[in-house]
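Q: The sequence and its predicted three-dimensional model are supplied below.
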Amino acid sequence: MHTDEQPWDPGALVEHALTWAALGWPVFPLAPNGKQPLYGNPHPFGSPERHSCRGRNACGKMGHGCLDATTDVELIRQWWERTPIANIGLATGLPGPDVLDVDVKNNAPGMASLERVVKAGLTKGCLAHVATASGGLHLYYEGSNQGNSTMSKFGLDFRGKGGYVVAPPSAVGAGRYEVLRIRLEGDTVDWEAIRNHLNPRPTARVSPRHDTDTPGDPGKLVDWLLQQPEGNRNAALYWAACRALETGASRATLDNLAAAGVQLGLGQHEAQATVDSATRAILRGSSR
């Protein structure tokens with residue numbers, strides 16, 4: 001453990017990066033004492049490549065964040081040889097781990113929310129407990145294809161496919177990321193189950209508060225959804241999807257509703273999961 005009496009050896013960071021990579025978890029360099037990727041995006045603003053390039057393997061340049069992550073020992077050594085004090089970015093989602101981020105900054109209720117889902121048995125199979133620089137926790141699980149999502153009101157975030165976390169023993173500000181315990185075998189975690197436990201969706205037959213203002217025409221549901229205020233968006237998407245299914249909407253309408261949810265600020269996986277949940281609810285109701 002690092003203390004002021006035992007100065008940290010920056011050269012050790014590369015060895016830790018190689019240790020994570022040896023688990024099959026791709027890593028990439030972050031800015032020293034920071035959370036942002038070390039290399040900036042190599043593609044000019046406004047260029048199609050800035051958002052479409054799939055990483056250094058596609059264009060030969062660094063600067064694509066977690067898309068540049070690798071387990072290649074030689075490349076990792078080259079990165080940290082250039083910048084020995086670079087923090088370690090760990091790409092999440094297969095083949096890397098999924099990470100449940102428990103936030104306590106600015107009095108965020110992450111620990112209280114974690115206690116609720118632990119009691120519900122939804123956090124079993126954790127591979128590692130990591131103390132974050134801000135005093136929170138990262139819980140590592142076997143990776144999956146789940147996307148990134150957030151429940152800021154509950155102090156919980158989920159980092160999956162297309163995301164990354166700062167890995168130990170990186171330092172940010174006055175704090176350091178530190179492994180509290182780790183094991184080699186674990187399980188996946190169901191983020192949707194955690195989200196639904198903390199914030200249950202209304203049943204399929206329950207309408208939003210202003211029912212008289214909601215459209216019955218599936219073609220108008222997207223416009224209505226885009227007008228919903230923050231805090232009601234997930235429930236509104238669920239209700240709109242149920243309403244669309246009840247009126248015989250096509251798959252295209254459901255896809256448009258999911259896209260509207262993303263436009264409102266929901267994660268892509270979160271929006272699609274909400275529409276899928278509404279579909280299952282309607283199908284269950286129609287089969288009775």
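A: Here it is on my side, so go on. Owing to the predicted nature of the structure, the values given are computational and were not obtained by experimental measurement.
Q: what about the strands in this structure?
A: 27-30, 87-91, 98-102, 128-131, 137-141, 149-151, 156-159, 164-167, 171-172, 175-176, 178-182 (DSSP state E).
Q: export those to JSON lines and tack on mean neighbour count and distance to S250?
A: The way it works is simple: take the backbone N, C-alpha and C, and place the C-beta from them, glycine included. Formatted as JSON lines, these follow (neighbours: other C-beta atoms under 10 Å; distance: least, C-beta to C-beta, whole Å):
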{"stretch": "strand 27-30", "mean neighbour count": "26", "distance to S250": "41"}
{"stretch": "strand 87-91", "mean neighbour count": "27", "distance to S250": "36"}
{"stretch": "strand 98-102", "mean neighbour count": "24", "distance to S250": "33"}
{"stretch": "strand 128-131", "mean neighbour count": "19", "distance to S250": "44"}
{"stretch": "strand 137-141", "mean neighbour count": "23", "distance to S250": "36"}
{"stretch": "strand 149-151", "mean neighbour count": "20", "distance to S250": "26"}
{"stretch": "strand 156-159", "mean neighbour count": "25", "distance to S250": "30"}
{"stretch": "strand 164-167", "mean neighbour count": "24", "distance to S250": "37"}
{"stretch": "strand 171-172", "mean neighbour count": "20", "distance to S250": "47"}
{"stretch": "strand 175-176", "mean neighbour count": "16", "distance to S250": "51"}
{"stretch": "strand 178-182", "mean neighbour count": "13", "distance to S250": "48"}
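Q: Turn these into CSV, columns for distance to T253 and mean pLDDT.
A: Formatted as CSV, those follow (distance: least, C-beta to C-beta, whole Å; pLDDT from 0 to 100):
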stretch, distance to T253, mean pLDDT
strand 27-30, 39, 96
strand 87-91, 35, 97
strand 98-102, 31, 97
strand 128-131, 42, 96
strand 137-141, 34, 97
strand 149-151, 23, 91
strand 156-159, 27, 94
strand 164-167, 34, 96
strand 171-172, 44, 93
strand 175-176, 47, 92
strand 178-182, 46, 94
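Q: can you redo those as a markdown table with distance to A258?
A: Compiled in a markdown table, the strands of the chain are given as follows (distance: least, C-beta to C-beta, whole Å):
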| stretch | distance to A258 |
| --- | --- |
| strand 27-30 | 30 |
| strand 87-91 | 25 |
| strand 98-102 | 22 |
| strand 128-131 | 32 |
| strand 137-141 | 25 |
| strand 149-151 | 14 |
| strand 156-159 | 18 |
| strand 164-167 | 24 |
| strand 171-172 | 34 |
| strand 175-176 | 38 |
| strand 178-182 | 37 |
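Q: Quick one: closest of those strands to A236.
A: With C-beta to C-beta as the criterion, A236 lies closest to strand 149-151 of these, at 16.5 Å.
Q: May I have the strands that pair with that closest one, each with its orientation?
A: Applying DSSP bridges, strand 149-151 is found paired with strand 156-159 (antiparallel).
Q: Only C-alpha atoms, please: export the strand it pairs with in CSV.
A: Extracted as CSV, the C-alpha positions of strand 156-159 are listed here (Å, rounded to 0.1, in the frame of the first residue of the first chain):
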residue,chain,number,x,y,z
LEU,A,156,-24.5,3.6,-9.2
ASP,A,157,-23.0,3.4,-12.7
PHE,A,158,-22.4,0.4,-14.9
ARG,A,159,-19.4,0.0,-17.2
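Q: For the protein, give me the ranges with low pLDDT.
A: Across the chain, the ranges flagged by pLDDT under 70 are 1-11, 201-219, 229-232, 284-288.
Q: quick one, longest helix in it?
A: In the chain, assigned by DSSP state H, the helix with the most residues is helix 268-286.
Q: Give me the distance between A278 and Q272.
A: According to C-beta to C-beta, to the nearest Å, A278 stands 11 Å off from Q272.
Q: Would you mind measuring from the nearest residue to P44 once chain neighbours are set aside to K61?
A: In space, P44 comes closest to R50 once its chain neighbours are excluded; the distance is 6.8 Å by C-beta to C-beta, 6 or more residues apart in numbering. The spacing between R50 and K61, counted by C-beta to C-beta, is 12 Å.
Q: Looking at A278 and Q272, which is more packed in?
A: Legend: neighbour count by other C-beta atoms under 10 Å for A278 and Q272, higher for A278 (24 against 19).
Q: can I see the domain layout of the chain?
A: Domains of the chain are assigned by automatic domain parsing as 12-198, 211-286.
Q: Thanks a lot, catch you later.
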